[in-house]
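Undergrad: here is my input, please return the structure:
(one chain, ligands or ions: 1)
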Amino acid sequence: MRVLIVEDDPVLADVLVRILQREKHTVTHETNGLLADALLEKHQYELVILDMGLPDMEGGEILGRLRQRNDKVPVLILTARDRVEDRVQGLDRGADDYLIKPFDLLELEARIRALLRRGQSAVSAQLQVGDLSLDTIGHRAFLNGEPVELSARELSVLEILMLRVGRVVSKELLSEQMSALGDDMSINAIEVYVHRLRKKIEEGNVSVRTLRGLGYLLEKT
Ligand code: CA
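TA: Okay, the predicted model is just below:
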């Protein structure tokens, strides 16, 4: 699996890289916060190990930006023992787990295994209809390979419609599915999100048709 290690301590980074490579993971190592942020914007990883104190951009900010993009990749943060606020901030910003330096390597390996398992149990699928693709793990949509900026709710609506491509999806079903995902949404709200979604993907060859009284139909045009 693809793992990104963001750590500016060369000795620790070296240990992390070796442990993960031994487990046959594809490891990318970055020491600089800004560059790590750029990597995360462009590439998809199955796990990120993130130090909090980094040059040019702090780990907390990288994490905040990652979650703002709706990227749900598991993140393990590394913090110093005397930096309690780092830990709190990291967890608040969406870290999945943390380790306090110095840590036991066996513990590190156990945490990594647990996070990778958690990531794998997510439904693994890349949905594709015409020019439009949706990465249901990374929670990102692409039109002709270019990222489309969608909110979390717009992404959920899109996923539900793409899973039923060519079939009519009623507003009631959409509303039910959204509640199942833990997001209660009224029928009126559904209309708003479908409207926004339609605008954002209108340049491609996929459309969301409204069938009066029936619901929506996503199809290739
Ligand atoms: Ca550091």
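Undergrad: run through this protein and note the low-pLDDT ranges.
TA: Within the chain, the stretches with pLDDT under 70 are 119-125, 181-182.
Undergrad: so where does Ser179 fall, helix or strand?
TA: Here Ser179 sits within helix 171-180, counting by DSSP states H and E.
Undergrad: and that helix, how far from the chain's centre?
TA: Counting by CA atoms, centre = their mean, to the nearest Å, helix 171-180 is centred 22 Å from the centre of its parent chain.
Undergrad: again with stretch 134-152
TA: 10 Å.
Undergrad: contacts for that stretch, please.
TA: 44, 69-73, 119, 122-128, 131-133, 155, 158-159, 162, 183, 193, 196-197, 200-201, 203-204 (CB atoms under 8 Å, 6 or more residues apart in numbering). Where C-beta positions appear, they are placed from N, C-alpha and C, glycine not excepted.
Undergrad: now do the buried residues in the helix holding Ser179.
TA: Residues of helix 171-180 classed as buried: Lys171, Leu174, Ser175, Gln177, Met178 (neighbour count, 16 or more other CB atoms under 10 Å).
Undergrad: tell me what the helix or strand Val192 falls within is packed against?
TA: If you go by DSSP H and E, Val192 is part of helix 187-200. Helix 187-200 sits against helix 152-163, helix 171-180, strand 206-211, with contacts defined as 3 or more CB pairs under 8 Å, 6 or more residues apart in numbering; DSSP states H and E.
Undergrad: quick one: the second one to helix 152-163, angle?
TA: Read that as helix 171-180. Relative orientation of helix 171-180 versus helix 152-163 (axes from the mean of the first three to the mean of the last three CA atoms, to 10 degrees): 120 degrees.
Undergrad: next secondary structure after the helix of greatest length in the chain?
TA: Longest among the helix segments of the chain by residue count, using DSSP state H, is helix 105-121. Following helix 105-121 in sequence order, the next helix or strand is strand 126-129 (DSSP H and E).
Undergrad: neighbouring strands - and their directions - for the helix or strand following that next one?
TA: Per DSSP H and E, the first helix or strand lying C-terminal to strand 126-129 is strand 132-135. As defined by DSSP bridges, the strand partners of strand 132-135 come to strand 126-129 (antiparallel), strand 140-143 (antiparallel).
Undergrad: could you check the first one and say which residues are buried?
TA: Read it as strand 126-129. Leu127, Val129.
Undergrad: for it, give me every contacting residue.
TA: So strand 126-129 is contacted by Ser133, Leu134, Asp135, Thr136, Glu159, Met162, Leu163, Val165, Val206, Leu218, Glu219, Lys220 (CB under 8 Å, 6+ apart).
Undergrad: turn those into a markdown table, columns for distance to the ion and neighbour count.
TA: Formatted as a markdown table, the contacts of strand 126-129 follow (distance: CB to the ion, whole Å; neighbours: other CB atoms under 10 Å):
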| residue | distance to the ion | neighbour count |
| --- | --- | --- |
| Ser133 | 36 | 18 |
| Leu134 | 35 | 22 |
| Asp135 | 30 | 17 |
| Thr136 | 33 | 19 |
| Glu159 | 37 | 19 |
| Met162 | 41 | 19 |
| Leu163 | 42 | 16 |
| Val165 | 46 | 17 |
| Val206 | 44 | 23 |
| Leu218 | 46 | 27 |
| Glu219 | 50 | 15 |
| Lys220 | 48 | 13 |
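Undergrad: right, I'll call it a day here.
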